[in-house]
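Asks: could you work out the structure for the sequence below:
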Amino acid sequence: MTVIDSELKTLSYCSKAWANSILKIGIADCKNKPRVESARLQEIFYIMRVLSERGFEWQARRLRNHYHLAIKRGFLQRAKRADPIGGQGGLS
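Replies: Numbers count the residues shown, from 1 in each chain. Next up, the predicted model:
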């Protein structure tokens, strides 16, 4: 992760390059099977929310695509609650 960490130090907060770097981190988390799954899910959903709130809808949608692809490929299990970005179903 040192390459990504050093990239983030030189990027402006909420720039397109920043959003793309955060997207890379989220995609890497989708595939990081050895890490605790609940922590990965929490980070993935947080990144999706931050990207969406900052106006980077394209990046948020791409991360959601990778999240569902990770479920399909067995890297993740479906979250107990609904996707907080999708806003459908789940517990209230």
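Asks: which pLDDT value belongs to G55?
Replies: Looking at G55, its pLDDT is 94.
Asks: and it, which of the three is it?
Replies: coil (DSSP: H, G, I helix; E, B strand; the rest coil).
Asks: cool, F75 as well?
Replies: Applying three-state DSSP: F75 is coil.
Asks: pretty sure it contacts R35?
Replies: No. If you go by CB atoms under 8 Å, F75 and R35 don't touch, sitting 10.4 Å apart. In short, each C-beta sits where N, CA and C put it, glycine included.
Asks: quick one: which of the two has more around it?
Replies: When F75 and R35 are compared for neighbours, F75 comes out ahead with 17 against 12, by other CB atoms under 10 Å.
Asks: residues contacting the more buried one?
Replies: By CB atoms under 8 Å, 6 or more residues apart in numbering, the contact list for F75 reads 30-33.
Asks: and with 6 Å instead?
Replies: 31, 33 (CB atoms under 6 Å, 6 or more residues apart in numbering).
Asks: give the buried residues for the helix or strand hosting A60.
Replies: Secondary structure assignment for A60, by DSSP states H and E: helix 57-73. Judged by neighbour count using 16 or more other CB atoms under 10 Å, the buried positions of helix 57-73 are 59-60, 62-64, 66-67, 70.
Asks: how about stretch 22-41?
Replies: Buried, per 16+ other CB under 10 Å, within stretch 22-41: 22-27, 29-30, 32, 40-41.
Asks: look up the closest residue to R54, ignoring the ones flanking it.
Replies: Nearest in space to R54, with sequence neighbours left out and distances taken as CB to CB, 6 or more residues apart in numbering, is C14 at 5.2 Å.
Asks: so how far is G55 from that neighbour?
Replies: According to CB to CB, to the nearest Å, C14 stands 8 Å off from G55.
Asks: overlap of the contact sets of these two?
Replies: If you check C14 and G55 against CB under 6 Å, 6+ apart, no residue is contacted by both.
Asks: coming back round to it: just the buried residues of stretch 22-41: which are in helices?
Replies: Taking DSSP state H as the definition of helices, the buried residues of stretch 22-41 contribute 22-27, 29-30, 40-41.
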